[in-house]
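> Structure, please.
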Amino acid sequence: MFFKRKDKVVVIGIDGVPYTFLKEGIEKGKYPNLKKFVEEYTGLKQYNSVYPPVSSVAWTSYMTGKNPGEHSIFGFVDRTASPFRLKIPLGRDRTVKTLWKKLSEQGKKVLVMNVPLTFPPEEVNGILISGFLTPDIERGVYPPSLVPYLKKRDYVIDVDPGLGHTNRKRFMEEIHRTLDGRMKIFLELLKKDNYDFAQCNIMETDRINHFFWSDYEDNGEFKEDFEGFYRKLDRWIGVILDSLNKNDKLLVLSDHGFCRVRFNVQLNQFLKEEGYLFFDRDAPKDITDLSKESRAYSLIPGRVYINLKGREEKGGVLEGEYDKLRQELKEKLLELKSPDNESILKEVFFREEIYSGQYLEKAADIIVHPHPGFDLKADVTTERLFQPPGAINGMHTYNDAVIFGKNFDLRDIKSIQDPLTMIMEQMP
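I've put the predicted structure just below:
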């Protein structure tokens with residue numbers, strides 16, 4: 001099949017890669033392709049994620065250009081207030097059109113691979129292969145006619161994080177294998193048709209950072225494998241750049257930064273100790289076992305809900321108490337200290353201070369953001385407020401995401417929700 005080549009926009013998502021990490025690696029000569037890239041084009045730019053800086057919220061903010069109060073995705077785990085139950089938001093819970101849906105409606109042809117929170121896949125003018133939270137390839141691809149090709153090529157939706165807890169060597173091998181397989185297939189698909197827009201997200205960067213960050217910092221057992229992975233990523237970005245024409249645009253961006261975990265901090269245990277959270281059973285299985293006597297509870301990461309009467313199924317806090325209770329909780333949270341007497345929380349926001357839009361009422365009443373190193377959790381099965389990190393020893397950060405590109409002006413980009421407008425305006 002022959003077609004007239006047209007200019008296109010390509011986006012590579014490098015989930016959770018920090019600006020400071022790449023900058024240091026480039027300066028030390030570890031990444032020659034990235035060095036050439038940033039010297040010839042935009043340079044590296046540090047920008048912000050979203051609160052909370054988790055992939056499902058951040059990439060939804062990117063793909064819609066909206067804040068959570070508008071697109072209605074607030075965390076990896078969410079809840080319905082009444083009846084009170086937990087849920088994991090999926091793409092169907094998003095309330096705003098995506099970048100690729102808008103482009104499809106304009107007649108642009110798109111290729112989208114592995115972006116978080118794109119399951120179930122929406123119909124687009126082209127191809128959409130869903131990312132993590134996709135149960136299987138058969139249900140995660142549009143059009144379905146692409147499934148046999150992906151299965152034949154042994155396409156991997158996501159590495160199994162469980163291996164990070166049980167077999168670190170095999171997990172590292174799978175991370176490398178999955179990156180290579182994903183990039184080969186993306187480039188194959190990119191060459192098969194005349195796309196106006198193409199995006200491939202690399203989730204393996206997030207996986208390796210979560211489980212092997214301490215190896216990198218401490219010269220651990222898998223330090224060389226960790227650095228070898230990023231050298232491989234550098235080569236793949238070089239391959240993509242070399243495949244593009246002069247007028248093609250390339251954007252590389254992460255959705256948040258990363259740092260070392262020092263302590264896991266159990267906010268529900270804090271609420272219990274301070275007399276705000278009670279349970280109906282001695283050994284609760286999750287937060288839905290809370291008692292009507294509870295005044296507040298938390299979901300990961302750092303989202304605190306008032307147990308408001310009339311809104312929550314088990315609500316007991318009166319509307320007239322709401323503002324006073326939020327202020328009281330904010331002050332107590334800001335006083336929370338580590339075992340080394342360090343301040344744990346950098347910011348404590350009321351939801352209306354950082355979100356806006358018609359879905360604001362779905363947000364947590366208080367959004368808590370920690371200093372680097374304090375990973376906020378919400379386990380109700382432990383009575384330990386502070387815990388050392390386990391297999392997961394790297395955590396997300398808000399203000400160390402990275403973006404760089406070819407044939408893009410990034411001067412006005414300040415946060416993860418900004419690139420959409422720029423991409424739409426600069427489409428060929």
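
> Residue 50 touches residue 415, doesn't it?
Yes - using C-beta atoms under 8 Å, residue 50 is in contact with residue 415, at 6.8 Å. C-betas here are computed from N, CA, C, even on glycine.

> So between the two, which is more surrounded?
A direct count of neighbours by other C-beta atoms under 10 Å for residue 50 and residue 415 places residue 50 higher, at 25 against 17.

> And that one, how close does it get to residue 148?
To residue 148, residue 50 is 37 Å away according to C-beta to C-beta, to the nearest Å.

> can you list residues touching both of residue 50 and residue 415?
Common contact partners of residue 50 and residue 415 (C-beta atoms under 8 Å, 6 or more residues apart in numbering): residue 61.

> So which residues of the stretch 1-150 of the chain form helices?
Remark: helices assigned in the stretch 1-150 of the chain by DSSP state H, counting those that start in this stretch are 19-27, 32-40, 55-64, 68-71, 99-105, 147-152.

> what's the answer for the stretch 251-400 of the chain, then?
Counting by DSSP H, counting those that start in this stretch, the helices of the stretch 251-400 of the chain are 267-273, 322-334, 351-354.

> most neighbours per residue, which of those?
Highest mean neighbour count among those (mean count of other C-beta atoms under 10 Å): helix 267-273, with a mean of 21.

> Give me the mean pLDDT for it.
Mean pLDDT, computed over helix 267-273, is 97.

> do the same with stretch 247-261
Mean pLDDT, computed over stretch 247-261, is 97.

> could I get that stretch in PDB with only the CA atoms?
C-alpha atoms of stretch 247-261 as PDB (Å, rounded to 0.1, in the frame of the first residue of the first chain):
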ATOM      1  CA  ASN A 247       8.500  18.700  10.100                       C
ATOM      2  CA  ASP A 248       7.200  16.000  12.300                       C
ATOM      3  CA  LYS A 249       6.700  16.900  16.000                       C
ATOM      4  CA  LEU A 250       7.800  14.800  18.900                       C
ATOM      5  CA  LEU A 251       6.900  15.400  22.500                       C
ATOM      6  CA  VAL A 252       8.300  13.300  25.400                       C
ATOM      7  CA  LEU A 253       6.800  13.800  28.900                       C
ATOM      8  CA  SER A 254       6.300  12.300  32.300                       C
ATOM      9  CA  ASP A 255       3.300  12.600  34.500                       C
ATOM     10  CA  HIS A 256       5.000  13.000  37.800                       C
ATOM     11  CA  GLY A 257       8.400  12.700  39.400                       C
ATOM     12  CA  PHE A 258       9.900  10.000  41.700                       C
ATOM     13  CA  CYS A 259      11.900   9.800  44.900                       C
ATOM     14  CA  ARG A 260      13.000   7.400  47.600                       C
ATOM     15  CA  VAL A 261      10.500   6.200  50.200                       C
END
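
> Which positions in it come out as buried?
Buried residues in stretch 247-261, counting neighbours by 16 or more other C-beta atoms under 10 Å, are found at 248-261.

> Return the subset of those residues lying in strands.
249-253, 257-260 (DSSP state E).

> Could you export the residues you listed as a markdown table, including distance to residue 158?
Formatted as a markdown table, these follow (distance: C-beta to C-beta, whole Å):
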| residue | distance to residue 158 |
| --- | --- |
| 249 | 28 |
| 250 | 24 |
| 251 | 23 |
| 252 | 20 |
| 253 | 19 |
| 257 | 21 |
| 258 | 18 |
| 259 | 23 |
| 260 | 23 |
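
> Could you single out the nearest of these to residue 426?
residue 249 (6.5 Å; C-beta to C-beta).

> In contact with that closest one, which residues?
7-10, 405-408, 426.

> Then residue 191?
Residue 191 sits next to residue 243 when contact means C-beta under 8 Å, 6+ apart.

> distance of it from residue 239?
Taking C-beta to C-beta, one finds residue 191 at 12 Å from residue 239.

> Return the distance of the residue nearest to residue 157 when sequence neighbours are not counted relative to residue 265.
Using C-beta to C-beta, 6 or more residues apart in numbering and skipping the chain neighbours, the partner closest in space to residue 157 is residue 134 (5.1 Å). For residue 134, the distance to residue 265 equals 31 Å [C-beta to C-beta].

> what do you get for residue 231?
Taking C-beta to C-beta, one finds residue 231 at 34 Å from residue 265.

> Equivalent analysis for residue 398, please.
Counting by C-beta to C-beta - residue 398 and residue 265 are separated by 16 Å.

> If you count surrounding residues, which of the two has more?
Higher neighbour count among residue 398 and residue 265: residue 265, with 25 against 20, using other C-beta under 10 Å.

> hang on, the more buried one packs against residue 378?
No - under the criterion of C-beta under 8 Å, residue 265 makes no contact with residue 378, lying 9.9 Å away.

> give the contact list for residue 222.
Taking C-beta under 8 Å, 6+ apart, one finds 168-169, 172, 212, 215 in contact with residue 222.

> Need the CA coordinates for stretch 44-51. PDB is fine.
Extracted C-alpha coordinates of stretch 44-51, given in PDB (Å, rounded to 0.1, in the frame of the first residue of the first chain):
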ATOM      1  CA  LEU A  44      14.600  19.700  29.300                       C
ATOM      2  CA  LYS A  45      11.800  21.500  31.100                       C
ATOM      3  CA  GLN A  46      10.700  20.800  34.700                       C
ATOM      4  CA  TYR A  47       6.900  21.000  35.300                       C
ATOM      5  CA  ASN A  48       4.200  20.000  37.700                       C
ATOM      6  CA  SER A  49       1.900  17.000  38.000                       C
ATOM      7  CA  VAL A  50      -1.500  17.200  39.600                       C
ATOM      8  CA  TYR A  51      -2.800  16.500  43.200                       C
END
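
> and that stretch, which residues are buried?
Buried, per 16+ other C-beta under 10 Å, within stretch 44-51: 44-45, 47-51.

> Could you list which of those belong to strands?
If you go by DSSP E, the buried residues of stretch 44-51 have 45, 47 in strands.

> so residue 386 touches residue 263, yeah?
Yes - Residue 386 is within contact range of residue 263, at 4.8 Å (criterion: C-beta under 8 Å).

> out of the contacts of residue 222, which one sits closest to residue 279?
Nearest member of those to residue 279, counting by C-beta to C-beta, is residue 168, at 34.9 Å.

> list the contacts for that closest one?
211-212, 221-222, 391.

> same question, residue 58
49-50, 255-256, 416 are the contacts of residue 58 under C-beta under 8 Å, 6+ apart.
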